[in-house]
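**Student:** one predicted model, sequence on top.
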Protein chains: 4
Amino acid sequence: MTAPTSGGPVDPALIADLAAAARILAARGVVDAFGHVSMRHPTAPERYLMSRALAPARVTPADIVEYDLNSDACNPNAPKGFLERFIHGEIYRARPDIGAVVHSHSPSVIPFGLTSRRPIQAMFHNAAFLAKGVPVFDISERFGATDMLVCDCTKGVALAETLADKDIALMRAHGSVACGPTLESAVFRAVYTEVNARIQHWSHALAGEDSLAALSPEEGALADVPNQTAGLRAWDLWREEIRAEAGW
Amino acid sequence: MTAPTSGGPVDPALIADLAAAARILAARGVVDAFGHVSMRHPTAPERYLMSRALAPARVTPADIVEYDLNSDACNPNAPKGFLERFIHGEIYRARPDIGAVVHSHSPSVIPFGLTSRRPIQAMFHNAAFLAKGVPVFDISERFGATDMLVCDCTKGVALAETLADKDIALMRAHGSVACGPTLESAVFRAVYTEVNARIQHWSHALAGEDSLAALSPEEGALADVPNQTAGLRAWDLWREEIRAEAGW
Amino acid sequence: MTAPTSGGPVDPALIADLAAAARILAARGVVDAFGHVSMRHPTAPERYLMSRALAPARVTPADIVEYDLNSDACNPNAPKGFLERFIHGEIYRARPDIGAVVHSHSPSVIPFGLTSRRPIQAMFHNAAFLAKGVPVFDISERFGATDMLVCDCTKGVALAETLADKDIALMRAHGSVACGPTLESAVFRAVYTEVNARIQHWSHALAGEDSLAALSPEEGALADVPNQTAGLRAWDLWREEIRAEAGW
Amino acid sequence: MTAPTSGGPVDPALIADLAAAARILAARGVVDAFGHVSMRHPTAPERYLMSRALAPARVTPADIVEYDLNSDACNPNAPKGFLERFIHGEIYRARPDIGAVVHSHSPSVIPFGLTSRRPIQAMFHNAAFLAKGVPVFDISERFGATDMLVCDCTKGVALAETLADKDIALMRAHGSVACGPTLESAVFRAVYTEVNARIQHWSHALAGEDSLAALSPEEGALADVPNQTAGLRAWDLWREEIRAEAGW
């Protein structure tokens, strides 16, 4: 088996942004030693970029590896990749509109995958993207008892099917995946899914059996627009923090 | 259209305090990449001062912009301002007694705007200002489905009407606004509204259906007095922390 | 009126320990900009030592002031003291066995003073001192509507009466007071009262209406003994952290 | 009485790893001033290594002491050890497959030892080791009212009997013990037991009386396998953080 061909060179500033994204997610408590972020190759849509298997807080630009959509590394000497990189490859294959993917086990979000009693909703405008609905992927429905990992293309396809046309999917007893058209938007959504989940826990505690005055789907669609523009100042802040710490 | 005239020069120490206030709010977890603080112009009550659109943790004195009460910048070359600066302009117009305004999405407070089952109350004397009552502004009541932002004078007027003669208002599925006669008091109130909300969540969890022995309105009025004097040592501490970090 | 006489010189190492105790309490989240710690004068039991009115994180040895049990400063030129120093003076007067007092508004503890539905209990051996029972002081019972502050001797006497022979008392809609024979034990108890309260909140959430298998009074009495000896390694750790940061 | 003989020299890199493990646990909030970690002697299974009685954050390689399974120090001049080192000695005696033991009072875990209403379960794959079941040791069942400490061999034996063939045991009104074949796995399990407990609290809050879609025992067994290999990147991250801070 020969390695897939590369999609061509990528602007080093983009590579540095991707490495920084991993550290941003660690700094915001979205990932701990586990979890990963990827971006689609900017000029070759059948390729994507992602760090080798490494704790997100330790990623540097030199750790970024190029994969095809089967999640095979383009460099035959590439270091070991994440076991679950198939999450990324299959979402890029299924959803041409998605440019970046974050997979995390962020702690406040996991409970929403363990019970269907109260689905995740958008508690405030920064989490407007949640108002479209958030499907839950239960790996056991199709695959029975497993190690819970999306560790091959088949399982990646199943997850991408559950995600369908949404931007976020929960993974039962595991974590979640947050997607966006750009690296900045995927990171923003991963961060605010966790923040929103924390807020929603307290909101239910306060409201008891009453429903919450969450964003309606229409409000969600409208509020998501400024998140894509004015919302970039979150990325600017977070990126600057990594630059100050890492020097790149 | 010509830019409004300036209200005149402002003591650089005050400008530095305003920039520091933004960083204080970030350091205390009241704002994250979003949220803003303003102060009325010290000698021109029809003008106010506020940073350009920027994450609060990054604000420096050079980022402060002067606005009139329509929230138009006095400098025609001013950098882009916050989309929601109209919150500030209209509150200053409606309430001559208010000298500073903080808008935030502080996470423990948002739940109280998503359910009317348990209104926010003053859990301890540092949050005495809450005992006067805290109205909730639901933008959809007058404006239907929106992007949730108070992004023009009309919406700002509606918010100021809901605030009425109180010092704090919640904004449904969005955040809150905390006001005070001085910059120090507005910052103090924004911080202790968040602290109080955290305490109130646990208090209800403990008390179940029982009511809480919160401050009565009379106790609140009495306890708010020392907060305005002895309470200043909170500002002194927080201001000193920013000075140590930022050098101004 | 003349100032009370001093109880005599105090070992500078003890003064530094007292200043460090204020910073330890701030570093552990027991106090924020408010709250205070005092110790009885080591050779003059009718005198006590406490910082001037200052945020605990900023206290240095030079800020320590000597008071008599009426809470009048022995130095007529002493800087302004805390409004609530009478908490300390009256507890020292009523309880010769107490050598140090911490007053705080630590956030997890306040809820237990706002409802009598579930009294504070000892969730683990480090908080064994709570198993003796924790009275609640409601200032309004004797004084009606006030600013909630224990700001004179009369109110201090009432609080000390509620404390009676216990080591901790809660103060309704305000905070708590933690005492011990030594500075180290009072700080230990203030820290673990807060830690215990956090644990108790989650324990009730888990147990629902069931009671908790907390320490019995007999277990509490037995477990409090090693806390006074082996427990000192907490002080050693915390004191060392302040020394590393402050240089004293 | 003569001291037991030493099991022989140990690679200094292993000693440094053990000291680092104590600091890792402190940095992750699993231990505070209290709690301890040990490892079995690599070439003498009747001996184990553990720091002297010291707050975990302060441990250095020079603080590591060798004990026999009666928890007597091999060096007659060894500094004072932990009162509860018998936890470690008796688990090593009863369970030859265990190579490292962590004892902690990690705060989110304690509630599960105070009520039997909702046993700890595996909320996500990183905590797969919990799916085998977690017994609760109540010291009062066999020993009546005590100071709660496992401070001699008899109590250590009783705890080891409760642990039986499991990897984790809770200790009522005290804390827990997490074990593994290697130092890395015991630390991993102690960390993720705490993380899992936090997630489980919120999961029950959300699900109300409904059960949780936790890992089944079969899923737990399968998911624990990659935790032992890919899971090592957590150790790599944490170990690197201590190396950067401590220089060893």
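**Tutor:** Thanks, I have the structure now.

**Student:** of all residues in chain A, which one is nearest the centre?
**Tutor:** For chain A, the residue sitting closest to the mean C-alpha position, by CA atoms, centre = their mean, is A:Val102 at 1.8 Å.

**Student:** so that one makes contact with A:Val37?
**Tutor:** Yes. With contact defined as CB atoms under 8 Å, A:Val102 reaches A:Val37; the gap is 4.7 Å. From N, CA and C alone the C-beta is placed, and that goes for glycine too.

**Student:** ok so, going back, which helix or which strand is home to the closest residue to the residue nearest to the centre of chain A other than its chain neighbours?
**Tutor:** If you skip the residues right next to it in sequence, A:Val102 has A:Ala190 as its closest partner in space, 3.9 Å away by CB to CB, 6 or more residues apart in numbering or on different chains. With elements taken from DSSP states H and E, the one containing A:Ala190 is helix A:183-207.

**Student:** quick one: check the next helix or strand after that helix for contact with chain B.
**Tutor:** Counting by DSSP H and E, the next helix or strand C-terminal to helix A:183-207 is helix A:217-227. Yes. On the criterion CB under 8 Å from any CB of the partner chain, helix A:217-227 is in touch with chain B at A:Glu218, A:Glu219, A:Leu222, A:Ala223, A:Val225, A:Pro226.

**Student:** so which of those also contact chain C?
**Tutor:** Restricting the residues of helix A:217-227 next to chain B to those near chain C - CB under 8 Å from any CB - leaves none.

**Student:** can you say which of those residues are buried?
**Tutor:** Among the residues of helix A:217-227 next to chain B, those classed as buried by 16 or more other CB atoms under 10 Å in any protein chain shown are A:Glu219, A:Leu222, A:Ala223, A:Pro226.

**Student:** adding pLDDT, write those residues out as CSV.
**Tutor:** Putting these into CSV (pLDDT from 0 to 100) gives the following:
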residue, pLDDT
A:Glu219, 98
A:Leu222, 97
A:Ala223, 97
A:Pro226, 93
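
**Student:** number of nearby residues for A:Pro45?
**Tutor:** 14 (other CB atoms under 10 Å in any protein chain shown).

**Student:** closest residue of chain A to chain C?
**Tutor:** Nearest residue of chain A to chain C, counting by CB to the nearest CB: A:Ala205, 8.8 Å away.

**Student:** correct me, but that residue touches B:His201?
**Tutor:** Yes. Taking CB under 8 Å as the contact criterion, A:Ala205 and B:His201 are neighbours in contact, 6.3 Å apart.

**Student:** of those two, who's got more company?
**Tutor:** In terms of neighbours (other CB under 10 Å), B:His201 is the more surrounded of A:Ala205 and B:His201; the figures are 22 against 19.

**Student:** residues in contact with that one?
**Tutor:** Contact criterion CB atoms under 8 Å, 6 or more residues apart in numbering or on different chains gives A:Trp202, A:Ala205, A:Leu206, B:Ser108, B:Pro111 as the residues in contact with B:His201.

**Student:** show me where chain A has helices.
**Tutor:** For chain A, applying DSSP state H gives helices covering A:12-27, A:86-94, A:139-143, A:153-163, A:183-207, A:217-227, A:232-246.

**Student:** need the ones you listed in JSON lines (columns: distance to B:Gly7).
**Tutor:** Listed next are the helices of chain A as JSON lines, based on distance: least, CB to CB, whole Å:
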{"stretch": "helix A:12-27", "distance to B:Gly7": "39"}
{"stretch": "helix A:86-94", "distance to B:Gly7": "53"}
{"stretch": "helix A:139-143", "distance to B:Gly7": "62"}
{"stretch": "helix A:153-163", "distance to B:Gly7": "53"}
{"stretch": "helix A:183-207", "distance to B:Gly7": "37"}
{"stretch": "helix A:217-227", "distance to B:Gly7": "29"}
{"stretch": "helix A:232-246", "distance to B:Gly7": "27"}
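
**Student:** for D:Phe124, find the nearest of the ones you listed.
**Tutor:** When the helices of chain A are ranked by distance to D:Phe124, counting by CB to CB, first place goes to helix A:139-143 at 12.0 Å.

**Student:** near chain D, anything from the closest one?
**Tutor:** Yes. Contact between helix A:139-143 and chain D, assessed by CB under 8 Å from any CB, occurs at A:Ser140.

**Student:** contacts only, for the residue nearest to the centre of chain A.
**Tutor:** Contacts were defined as CB under 8 Å, 6+ apart; by that measure A:Val102 touches A:21, A:25, A:30, A:35-37, A:177-179, A:186-187, A:189-190.

**Student:** if we use 10 Å, what do you get?
**Tutor:** Counting by CB atoms under 10 Å, 6 or more residues apart in numbering or on different chains, A:Val102 touches A:21-22, A:25, A:30-31, A:35-38, A:56, A:87-88, A:168, A:175-180, A:183, A:186-191, A:193.

**Student:** where's it relative to A:Ile242, distance?
**Tutor:** A:Val102 sits at a distance of 15 Å from A:Ile242 (criterion: CB to CB, to the nearest Å).

**Student:** now swap in A:Ile15 and tell me
**Tutor:** A:Ile15 is 13 Å from A:Ile242, where distance means CB to CB.

**Student:** any common contacting residues for the two?
**Tutor:** Contact criterion CB under 10 Å, 6+ apart; residues shared by A:Ile15 and A:Ile242: A:Trp248.

**Student:** and stretch A:108-125, end to end?
**Tutor:** 18 Å (CA to CA, to the nearest Å).

**Student:** buried residues, it. List them.
**Tutor:** Residues of stretch A:108-125 classed as buried under the neighbour-count rule (16+ other CB under 10 Å) are A:108-115, A:118, A:120-125.

**Student:** near chain D too, which of the residues you listed?
**Tutor:** Residues of those in contact with chain D (CB under 10 Å from any CB of the partner chain): A:Ser108, A:Val109, A:Ile110, A:Pro111, A:Phe112, A:Gly113, A:Leu114, A:Thr115, A:Arg118, A:Ile120.

**Student:** kindly report the residues of chain A close to chain C.
**Tutor:** Within chain A, the positions lying close to chain C (CB under 10 Å from any CB) are A:Ala205.

**Student:** the residue nearest to A:Val102: neighbour count?
**Tutor:** Residues lying near A:Ala190 (other CB under 10 Å) number 30.

**Student:** now do the same contact list for it.
**Tutor:** A:21, A:24-25, A:28, A:30-31, A:35, A:37, A:100-104, A:106, A:109, A:168, A:176-180.

**Student:** which among those end up buried?
**Tutor:** Of all the contacts of A:Ala190 considered here, the ones buried according to neighbour count by 16+ other CB under 10 Å are A:21, A:24-25, A:28, A:30-31, A:35, A:37, A:100-104, A:106, A:109, A:168, A:176-180.

**Student:** who's the residue nearest to the centre of chain A bridged to?
**Tutor:** Per DSSP bridges, the residues bridged to A:Val102 are A:Val37, A:Ala178.

**Student:** now do A:Met50
**Tutor:** The residues that A:Met50 bridges to, once DSSP bridges is applied, are A:Ser38, A:Val65.

**Student:** that one contacts A:Phe82, correct?
**Tutor:** Yes. Counting by CB atoms under 10 Å, A:Met50 does reach A:Phe82; the two are 7.1 Å apart.

**Student:** okay, and the common contacts of these two?
**Tutor:** Counting by CB under 10 Å, 6+ apart, the residues touching both A:Met50 and A:Phe82 are A:His36, A:Ser38, A:Val65, A:Ser71, A:His88.
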